[in-house]
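Engineer: Need a 3D model of the sequence below.
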Amino acid sequence: MNTKRNILGKLLIVVAFFGFVTFCKAKETDTSALALLGLNFSSVSGTLTDGAGNPIPNASLEIATSASVRSAGSSKSLSTTTETGSWQLALGNGSYEILVKDGNGKLLGTFKISSAENLEPSIEDISHVSDTIFLVSLANPREVGSKFEILSPKDGSIIKTYDLALNIKTSDSLTCHVLQNKTEKENFTVGKGEITSPISVKPLLGANKIQVHCTNEAGVSAKKTVLTYYGNRISAGGSHSGYVVNGNLYTWGRNNFGQLGTGTSTGDLTNPKITKLSTISNVASIGFNQNSSLAITEDGSVWTWGANAVGQLGMGNIGDLQAAAADAGPRNPPRKVPGITNAVMGVYGFDHVLVLKKDGTVVSFGSNSVGQLGNGTGGAGTYSSSPVNVIGLPTDVIQVIGGSEHSAALTKSGDVYVWGRDQYGNLGDGVLGTATEVNGTPKKVSSLSGIIHIANGRDHILALKNDGTVYAWGLATSGQLGIGGTGSPNPVPTPTLVTGLYNVVSVWANGTQSFAILSDGTVKGWGANSSGNLGTGVTTPSKIYTPGDTVVGVIDIQYFGCGALHNFAILKSGTLYGWGWNFKGSIGRSDLQETWAASTPIFLTIPQ
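Structural biologist: Numbering: from 1, shown residues only. Predicted coordinates:
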């Protein structure tokens, strides 16, 4: 009988514990009562913000799991965030998964809090279930947590090149371990004094959880985690567009060549509705241009669809299913490109493709009329409908881009290589080539060094230097080089400093337009503007020759998707805006006038 009573008593304690965790708010916790149960709960507080650092008020935090207890049925809020985004929870040692819901009860995602006898409370995981970004931070870091800081990458950021630069600042004697998606990547030990330790790791496609676990000389440790994303989530072509959310691909806009990836087309009708594709899944990165589309899935496979006149789908053949682009009927759905594995980046030029692989090598396919495939051959009417190797590049390539008929690559060492078309000085060697000249082998731009990011339009190239300045060269008729001028300036074959542009963190371009994001979150733009593509709120002047304030009305932009005449921006909060020439529904709003210049950025809603 006594044994049964003991078992019953333990069950009552567990039930009481479970009921408390599930139904009580942290601010109402009676810690003395918890002490009687031997649970040793303590208060943990912090803030909940969006990706731009703005507080998220009235959000509820609900427990999902703990070290030994899994909730069943519905749960009530443990804490509700204040107007400043602050929250407070009473939690014991262990690992707790917390559900985050907005003021309307919509689930935004989860995060995990862990602590142990010699481990200070830490945020270990953040998982988002929609495109709404939230960040969680702890208030008043304790002894070890206050002694180190992850300077970069920033929580919620999107990595732009195949290089994840991690900077950790420490101010005490610490032994630290760096983990990427739970895999140990780096160990280091630092002495007292403020030290910044730069570490470089290769990002993984999709979400990257970077965790730094530091321990002091007394054996007490703390963990800090940042969540970043590697892959191109937003892209735009001639008049079609795509966006990736949690492995799902949404497309909209023109679909005459099947470039939306639905496997069918109504001909050349407008398609403004943002639609989730059922023809492809587990998408990590996309690259759209002109009338073709590309996606890289989480396993490193490359998928293509759309126009295929010169083998730019990489399927070993040319031609399309339809007799004419205006005909309704079936189109090629997304199909896996044979012979490519371990892809980490893929981009389209006008009608050729470049794919960067995990080992730093590059393959290409499609048109090769002026050597843009980089395989040492080329000439009028030539192409390759199957992947070929780009030759003559170093093996530390971290970014590739494609223009109308040129290609370029950036290396980890900061060098830029260009090949293909040189009619407008695209190679950056100080010489204007001819329209038919073949440059089938990559050539280093000798006047540049220390480059960390590149972008290109139809026939111009931008290069961001590690000091925050930008250089540009190539076609200049619309002011897209940002170096001044009037009328239709002549091409510039030598990299030239863009006027009055400093503290730049990334560069973006397509068509005859250019953008730069500055360290304070503001955006500068220059080039063609007659279609509202610079987002200035007006379509005049039609050309802007030096960087000016653009993309009006939105702040904290962290990532661009540039089409020929329309553009998109992902904000740090996770929201998406579009602007520019709305043709065949390219911007993604059915209430917008067709064939119209949307010169002011417009908020876009992604269906769940």
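Engineer: Quick check: the gap between the spatially most central residue of the chain and residue 332.
Structural biologist: The chain has residue 158 as the residue nearest its centroid, 3.6 Å off, counting by Cα atoms, centre = their mean. Distance from residue 158 to residue 332, counting by Cβ to Cβ, to the nearest Å: 29 Å. Backbone N, C-alpha and C define where each C-beta goes, glycine included.
Engineer: Likewise for residue 277?
Structural biologist: 13 Å.
Engineer: Likewise for residue 592?
Structural biologist: In terms of Cβ to Cβ, residue 592 sits 29 Å off from residue 332.
Engineer: neighbour count winner among these two?
Structural biologist: residue 332 (20 against 15; other Cβ atoms under 10 Å).
Engineer: Could you check how far the more buried one is from residue 416?
Structural biologist: Distance of residue 332 to residue 416, computed by Cβ to Cβ: 34 Å.
Engineer: beta partners of the residue lying closest to residue 120 once chain neighbours are set aside?
Structural biologist: Distances taken as Cβ to Cβ, 6 or more residues apart in numbering place residue 222 nearest to residue 120, at 4.2 Å, with adjacent residues excluded. For residue 222, the beta-bridge partners are residue 214 (DSSP bridges).
Engineer: what ranges do the strands span in the stretch 501-608 of the chain?
Structural biologist: Taking DSSP state E, counting those that start in this stretch, the strands of the stretch 501-608 of the chain run over residues 504-510, 513-518, 523-528, 543-549, 557-562, 566-571, 576-582, 596-604.
Engineer: need these in CSV with mean neighbour count and distance to residue 105, can you?
Structural biologist: Shown next, in CSV, are the strands of the stretch 501-608 of the chain (neighbours: other Cβ atoms under 10 Å; distance: least, Cβ to Cβ, whole Å):
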stretch, mean neighbour count, distance to residue 105
strand 504-510, 24, 36
strand 513-518, 27, 35
strand 523-528, 25, 35
strand 543-549, 19, 39
strand 557-562, 23, 28
strand 566-571, 26, 24
strand 576-582, 25, 23
strand 596-604, 18, 22
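Engineer: mind putting those strands in a markdown table, mean pLDDT included?
Structural biologist: Shown next, in a markdown table, are the strands of the stretch 501-608 of the chain (pLDDT from 0 to 100):
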| stretch | mean pLDDT |
| --- | --- |
| strand 504-510 | 98 |
| strand 513-518 | 97 |
| strand 523-528 | 97 |
| strand 543-549 | 96 |
| strand 557-562 | 96 |
| strand 566-571 | 97 |
| strand 576-582 | 98 |
| strand 596-604 | 96 |
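Engineer: Which one of those lies nearest to residue 80?
Structural biologist: With Cβ to Cβ as the criterion, residue 80 lies closest to strand 566-571 of the strands of the stretch 501-608 of the chain, at 25.2 Å.
Engineer: Just want the angle from that closest one to strand 576-582.
Structural biologist: Inter-element angle recorded for strand 566-571 and strand 576-582: 170 degrees (by axes from the mean of the first three to the mean of the last three Cα atoms, to 10 degrees).
Engineer: Could you list every helix and strand in contact with strand 566-571?
Structural biologist: Judged by 3 or more Cβ pairs under 8 Å, 6 or more residues apart in numbering; DSSP states H and E, the packing partners of strand 566-571 are strand 234-236, strand 240-245, strand 557-562, strand 576-582, strand 596-604.
Engineer: one more time with 6 Å, if that's ok
Structural biologist: Applying 3 or more Cβ pairs under 6 Å, 6 or more residues apart in numbering; DSSP states H and E, one finds that strand 566-571 contacts strand 234-236, strand 557-562, strand 576-582.
Engineer: can you put these in JSON lines and add distance to residue 104?
Structural biologist: JSON lines is the format used below for those (distance: least, Cβ to Cβ, whole Å):
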{"stretch": "strand 234-236", "distance to residue 104": "26"}
{"stretch": "strand 557-562", "distance to residue 104": "26"}
{"stretch": "strand 576-582", "distance to residue 104": "20"}
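Engineer: Please, where are all the helices along the protein?
Structural biologist: 2-23, 31-36 (DSSP state H).
Engineer: got the buried residues for stretch 380-399?
Structural biologist: Residues of stretch 380-399 classed as buried: 382-385, 387-388, 390-391, 393, 397-399 (neighbour count, 16 or more other Cβ atoms under 10 Å).
Engineer: bridging residues for residue 288?
Structural biologist: Per DSSP bridges, the residues bridged to residue 288 are residue 293.
Engineer: surely residue 455 meets residue 510?
Structural biologist: No: Residue 455 is beyond contact range of residue 510, at 8.2 Å (criterion: Cβ atoms under 6 Å).
Engineer: before we move on, the earlier item: across the sheet, point out what pairs with the residue nearest to the centre of the chain.
Structural biologist: residue 229.
Engineer: tell me the contacts of residue 439?
Structural biologist: 371, 419-420, 422 (Cβ atoms under 6 Å, 6 or more residues apart in numbering).
Engineer: one step back: flag whichever of the helices of the chain has the least confidence on average.
Structural biologist: Here the lowest mean pLDDT among the helices of the chain goes to helix 31-36, at a mean of 34.
Engineer: picking up where we left off before, now the strands of the stretch 501-608 of the chain as a markdown table including distance to residue 450?
Structural biologist: A markdown table is the format used below for the strands of the stretch 501-608 of the chain (distance: least, Cβ to Cβ, whole Å):
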| stretch | distance to residue 450 |
| --- | --- |
| strand 504-510 | 13 |
| strand 513-518 | 17 |
| strand 523-528 | 21 |
| strand 543-549 | 20 |
| strand 557-562 | 22 |
| strand 566-571 | 27 |
| strand 576-582 | 32 |
| strand 596-604 | 32 |
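Engineer: For this protein, which helix or strand comes out least confident on mean pLDDT?
Structural biologist: Sorting the helices and strands of the chain by mean pLDDT, DSSP states H and E puts helix 31-36 at the bottom, at a mean of 34.
Engineer: Out of the contacts of residue 439, flag the one nearest to residue 295.
Structural biologist: Minimum distance to residue 295 across the contacts of residue 439 is 23.7 Å, recorded for residue 420 (Cβ to Cβ).
Engineer: Let me see the contact set for the nearest residue to that closest one once chain neighbours are set aside.
Structural biologist: Using Cβ to Cβ, 6+ apart and skipping residues adjacent in sequence, the residue nearest residue 420 is residue 372, 3.3 Å away. If you count contacts by Cβ under 6 Å, 6+ apart, residue 372 has them with 352, 405-407, 420.
Engineer: quick one: contacts of stretch 324-332?
Structural biologist: So stretch 324-332 is contacted by 256-258, 264-268, 305, 321-322 (Cβ under 6 Å, 6+ apart).
Engineer: how does it look with 10 Å?
Structural biologist: Applying Cβ atoms under 10 Å, 6 or more residues apart in numbering, the external contacts of stretch 324-332 come out as 254-269, 291, 304-308, 313, 315, 320-323.
Engineer: pLDDT below threshold where in this protein?
Structural biologist: Applying pLDDT under 70 to the chain flags the ranges 1-41, 65-77.
Engineer: hmm, try it at 80
Structural biologist: 1-42, 65-77, 92, 117, 125, 130-132, 140-142, 608 (pLDDT under 80).
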